[in-house]
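# Using only what follows, build the 3D model:
(3 chains)
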Amino acid sequence: MGENTDIVRQQLLDIYQALLEVYGPQGWWPGEGTFEVMVGAILAQNTAWRNAERGIARLKEAGRLSPAALRGTPPEELEELLRPAGTYRRKAQRLRALVDYLYRRHGGEPDALAHGPLEELRRELLEVHGVGPETADSILLYATGRPSFVVDAYTRRLLFRLGWTPEQASYEDLRALFMQHLPPDPALFNEYHALIVRHAKERCRKRAPRCGGCPLESLCRFEKG
DNA sequence: GCCCAGGTGGGTA
DNA sequence: TACCCACATGGG
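Numbers count the residues shown, from 1 in each chain, chains lettered A, B, ... in the order given. I've put the predicted structure just below:
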């Protein structure tokens, strides 16, 4: 509250504006429909998006891209459809766990997550085997349009490099930083996370840090050396 | 051949 | 708590 909070909010918005000006709107999430985006969130775990897309396309071609159809798919068939997505046995299990949850708590209706107390739904999702914090927040934000900020390794690296947070800051700490200082605007959270990912791919990859000439240079809290 | 990708859960000290 | 590891395909 007060002054410090206002400063943090303004700096977070400054970073957002700088990224938006350089890279433009990113158009996330590239998926059609609530359930398809949920599936994409599972398939994208530690996986290049291109491969996750292949899995989605195969599910769709096989007519398995719905809660009911997926629930009725034999495990071996599901695994085979998911093979191009990588870690396919785990992802088959995780998709089944997610669908089981949707039926157990929400009548098999993915759009049910668009309503109700956000943090309570988030806790439910985190209890689903294979749904961790990033996947839960991706589902809430990108599938159902809830203002739940998505943190990832890129976000942690960016805030660390800007001198905001320790390198080992927890997921929940980083999420809270954004959510306590920004208005709960799904469109803002959506674009912000997508821009961080875009920026990381362009400039902040692990083995190729290129901070010189970075569009965020003037917002860095470290002294330039 | 090596490293990485829009993570998560299990095991060990 | 803090590491370490398996998972697995596909691209640079």
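# Mind pulling the model confidence for A:Glu223?
We note a pLDDT of 64 for A:Glu223 in this prediction.
# Around DNA strand C, pick out the residues from chain A.
By Cβ under 7 Å from any atom of the strand, the residues of chain A that approach DNA strand C are A:46-48, A:50-51, A:54, A:83-91, A:168. All C-beta spots, glycine's among them, are computed from the backbone N, C-alpha and C.
# Using the record's assignment, carve chain A into domains.
Listed by automatic domain parsing, the domain ranges of chain A are A:2-27+A:149-219, A:34-143.
# Can you name the next helix or strand after the longest helix anywhere in chain A?
Assignment by DSSP state H gives helix A:2-23 as the longest helix of chain A. Of the helices and strands lying after helix A:2-23 in sequence (DSSP states H and E), the nearest is helix A:34-43.
# Which residues does that following helix contact?
Identification of contacts with helix A:34-43 by Cβ atoms under 8 Å, 6 or more residues apart in numbering yields A:29, A:31, A:51-53, A:55-56, A:59-60, A:65-67, A:70, A:82, A:85, A:91, A:94-95, A:98, A:110-111, A:113-114, A:130-131, A:135, A:138-139, A:142-144.
# What subset of those residues is buried?
Buried by 16 or more other Cβ atoms under 10 Å: A:29, A:31, A:51-53, A:55-56, A:59, A:65-67, A:70, A:82, A:85, A:91, A:94-95, A:98, A:110, A:113, A:131, A:135, A:138-139, A:142-144, out of the contacts of helix A:34-43.
# where do the helices sit along chain A?
Using DSSP H, helices in chain A cover A:2-23, A:34-43, A:49-61, A:67-71, A:75-82, A:88-106, A:118-127, A:133-138, A:153-161, A:171-181, A:186-203.
# Can you say which of these is packed in most?
Ranked by mean neighbour count, the helices of chain A are led by helix A:34-43 with a mean of 24 (mean count of other Cβ atoms under 10 Å).
# Just give me how far it sits from the chain centre.
11 Å (Cα atoms, centre = their mean, to the nearest Å).
# Assess the claim that A:Tyr103 and A:Arg71 are in contact.
Yes - contact criterion Cβ atoms under 8 Å: A:Tyr103 and A:Arg71 qualify, at 7.0 Å.
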